[in-house]
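Colleague: Pasting the sequence and the predicted coordinates here, then a few questions.
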Amino acid sequence: MKCLRQFCTGCAAAFLLFAGAVRAADDAAALIKQGDVFDRKVQPAEALTLYLAVEKITPESVPLLLKIARQYRHRAAEVILVGEKIRLFEISKTYALRAVKLAPNDAEAHLSVAITYAKMLPLLDSKAKVDAIHKVKAAVDKSLALDAGQDLAWHVLGCWHQRLAEVGAIRRTAAKVLYGEIPEGSSEEAVSCFQKAIKRNPNRLSHHVEMGIAYAFQGHTAKARESLNKGLAMPGGDAGDPASKALAREALSSLK
């Protein structure tokens with residue numbers, strides 16, 4: 001009889017644990033669903049409140065960590081002070097790197113790292129910038145090696161090539177002496193990357209805008225104007241689209 005009571009007690013405890021786990025999973029799913037609504041509206045503060053609550057339930061969920069990393073990038077775009085921007089990007093990077101550690105073969109995790117470093121680049125001092133340039137390339141190369149179908153990964157690689165192609169020889173030499181060698185980028189390679197990005201997702205206007213900027217750098221004015229105008233004509237929807245359109249208008253005004 002004692003053994004039977006112990007068995008029944010053990011079964012009851014196991015059932016309660018299972019029921020608790022099910023409730024926790026249901027709660028997490030509901031919170032994520034609500035957070036995703038705010039994510040689509042680009043309301044990162046509200047999305048973070050929900051995602052961070054889920055993190056307490058499932059702290060090793062890679063998709064969740066990537067959602068959180070993205071919200072911190074959105075928050076960084078909202079603030080004005082450089083120091084606060086860098087702080088938020090650093091938090092984003094921490095979450096992205098946690099995702100990579102948990103899932104080293106997850107292409108989106110490596111892409112999240114690449115995007116965060118790329119967005120931080122303009123804010124960093126020269127030495128940190130050189131280091132970040134290398135880290136962007138390493139992360140995006142790894143991401144594409146795992147999944148070459150990601151349009152955003154090709155976009156990041158295209159921007160990497162184009163921005164480095166714009167670095168003059170004098171600046172490159174000075175940086176090498178002081179901080180280490182800056183890789184050389186290719187504007188032609190940038191166009192190739194943007195073409196691949198557009199093939200995978202023709203509805204992302206930033207691909208067309210960045211390709212137009214690359215064409216303008218090469219002196220292909222007609223192609224540049226066509227790509228820039230195409231980007232401006234698109235409705236958008238991504239968080240960075242207003243900035244991309246502003247960039248397109250600036251590039252168009254400088255075309256001869």
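Modeller: That came through, no problem. Quantities reported herein were computed from a predicted structural model and do not represent experimental measurements.
Colleague: Pull the distance from the helix or strand encompassing residue 224 to the chain's centre.
Modeller: Per DSSP states H and E, residue 224 falls inside helix 221-233. Put simply, helix 221-233 sits 25 Å off its chain's centre (Cα atoms, centre = their mean, to the nearest Å).
Colleague: can you list the residues that contact the helix or strand just after that helix?
Modeller: As assigned by DSSP H and E, the chain's next helix or strand after helix 221-233 is helix 241-254. Contacts with helix 241-254, where a contact means Cβ atoms under 8 Å, 6 or more residues apart in numbering, come from 205-206, 209-210, 212-213, 216, 224-225, 228-229, 231-232, 236. Placement of C-beta: from N, CA and C, glycine included.
Colleague: Mind putting those residues into CSV with distance to residue 152 and pLDDT?
Modeller: Below are those laid out as CSV (distance: Cβ to Cβ, whole Å; pLDDT from 0 to 100):
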residue, distance to residue 152, pLDDT
205, 13, 96
206, 9, 97
209, 14, 97
210, 12, 97
212, 18, 97
213, 17, 96
216, 22, 96
224, 22, 96
225, 25, 96
228, 20, 97
229, 23, 96
231, 16, 96
232, 20, 96
236, 15, 79
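Colleague: For those residues, please prepare a markdown table with the additional fields neighbour count and distance to residue 191.
Modeller: As requested, the contacts of helix 241-254 are exported to a markdown table (neighbours: other Cβ atoms under 10 Å; distance: Cβ to Cβ, whole Å):
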| residue | neighbour count | distance to residue 191 |
| --- | --- | --- |
| 205 | 22 | 17 |
| 206 | 24 | 15 |
| 209 | 28 | 13 |
| 210 | 28 | 9 |
| 212 | 28 | 10 |
| 213 | 29 | 10 |
| 216 | 21 | 11 |
| 224 | 23 | 10 |
| 225 | 16 | 15 |
| 228 | 26 | 13 |
| 229 | 15 | 17 |
| 231 | 27 | 14 |
| 232 | 18 | 19 |
| 236 | 16 | 22 |
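Colleague: Could you point out which of those residues is nearest to residue 38?
Modeller: Relative to residue 38, the closest of these is residue 236; by Cβ to Cβ it sits at 18.3 Å.
Colleague: Residue 70 and residue 45, how far apart?
Modeller: Distance, residue 70 to residue 45, using Cβ to Cβ, to the nearest Å: 13 Å.
Colleague: Show me which of the two is the more surrounded one.
Modeller: Each of residue 70 and residue 45 has its neighbours counted (other Cβ atoms under 10 Å); residue 70 has more, 22 against 11.
Colleague: The more buried one: which element?
Modeller: helix 62-78.
Colleague: Render the CA-only coordinates of that helix in CSV, please.
Modeller: Taking C-alpha atoms only, helix 62-78 is exported to CSV below (Å, rounded to 0.1, in the frame of the first residue of the first chain):
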residue,chain,number,x,y,z
VAL,A,62,17.2,30.9,-30.8
PRO,A,63,14.3,32.4,-32.7
LEU,A,64,13.3,34.4,-29.6
LEU,A,65,16.9,35.6,-29.1
LEU,A,66,17.0,36.8,-32.7
LYS,A,67,13.6,38.6,-32.3
ILE,A,68,15.1,40.4,-29.2
ALA,A,69,18.3,41.3,-31.0
ARG,A,70,16.2,42.9,-33.8
GLN,A,71,14.1,45.0,-31.4
TYR,A,72,17.3,46.4,-29.8
ARG,A,73,18.5,47.4,-33.3
HIS,A,74,15.2,49.1,-33.9
ARG,A,75,15.5,50.9,-30.5
ALA,A,76,19.0,52.1,-31.4
ALA,A,77,17.6,53.6,-34.6
GLU,A,78,15.1,55.6,-32.5
